[in-house]
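Undergrad: any chance you can model this:
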Amino acid sequence: EVVSEADGMLCFRGFVSYLSDSNNNAFDPKRELIAENLDQPLCYYWIASSHNTYLEGDQLNSYSSVNRYIHDLLTGCRCVELDCWDGKDEPMIYHGHTLTGRIKFRDVIAAIKEYAFVASEYPVILSFENHCSPQQQLIMADILIDILGDLIGYMDLKDGQLPSPLALKRKILIKGSSGKAKVPEYSEVFLNDDEIDILDEIGDDVVPGISRSSFNIADIKAPTEDVILPKNHIVAELLRLTSLGGVKFRGREDSLEK
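TA: Residues are numbered from 1 along each chain as shown. Model prediction:
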């Protein structure tokens, strides 16, 4: 209903429709005819991004919805955020330590695959805020590979530069933490066999100084309880899929160096 039947006046919905009509667009339509140069490194461009994409409302007790990802992608957004937390059996997306609704990581990835390139063929960035345990991170990696497959893009640096949006057409890029966490001294580490296997697979490149060869098993204390890897630790399987990381913006030159 655009006009109120009672008094024939424009109602709120009609007013919003009027404001958002293309005839009221502040953007100069002539600019739409200008072809963009999209063969420069990805970091040279402003990217339409969404924060807390999953939320229907506020950050405290609103619903979370897969439809928010669909809506943002269809309106041209090229970077969406996924706040990932442990679920009962598999990873969930919600705003941690609040009363917001929860949705399955799997369902979000499936929706992203279906709608990522409807509005644009240029790359989509999945910005992960990862709070999951190593076990559920492995599930995340499996879901990404199973659902996205060859759509996952990787960075092939040329002369130290990121690929261009043109080169990354129809690719989905994963942005996340490097996971290089500070770990306790070895004499303070309690490990079970599964954790030693995890650290062995991860190797020195992911968590500096940690690999099977780094341990003198005879010096490791007997565990008194299960040990949890560092909070921001990212498993190797997920790191292999991650091609972008965030840095604080202190200026263009500083960002280019990083």
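Undergrad: where do the helices sit along the stretch 51-200 of the chain?
TA: 66-74, 105-115, 134-148, 193-202 (DSSP state H, counting those that start in this stretch).
Undergrad: export those as TSV, with columns for distance to W46, mean pLDDT and mean neighbour count.
TA: The C-beta positions use only the backbone N, C-alpha and C, and glycine is treated the same way. As requested, those are exported to TSV (distance: least, Cβ to Cβ, whole Å; pLDDT from 0 to 100; neighbours: other Cβ atoms under 10 Å):
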stretch	distance to W46	mean pLDDT	mean neighbour count
helix 66-74	16	97	18
helix 105-115	21	98	19
helix 134-148	25	97	18
helix 193-202	35	43	15
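Undergrad: make TSV out of those helices and add distance to L19.
TA: Formatted as TSV, the helices of the stretch 51-200 of the chain follow (distance: least, Cβ to Cβ, whole Å):
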stretch	distance to L19
helix 66-74	18
helix 105-115	26
helix 134-148	37
helix 193-202	52
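Undergrad: quick check: which of these is nearest to N25?
TA: Comparison of the helices of the stretch 51-200 of the chain against N25 by Cβ to Cβ identifies helix 66-74 as nearest, at 17.7 Å.
Undergrad: quick one: work out the angle between the closest one and helix 105-115.
TA: 30 degrees (axes from the mean of the first three to the mean of the last three Cα atoms, to 10 degrees).
Undergrad: packing partners of helix 66-74?
TA: strand 79-85, helix 105-115 (3 or more Cβ pairs under 8 Å, 6 or more residues apart in numbering; DSSP states H and E).
Undergrad: switch to 7 Å and redo it
TA: helix 105-115 (3 or more Cβ pairs under 7 Å, 6 or more residues apart in numbering; DSSP states H and E).
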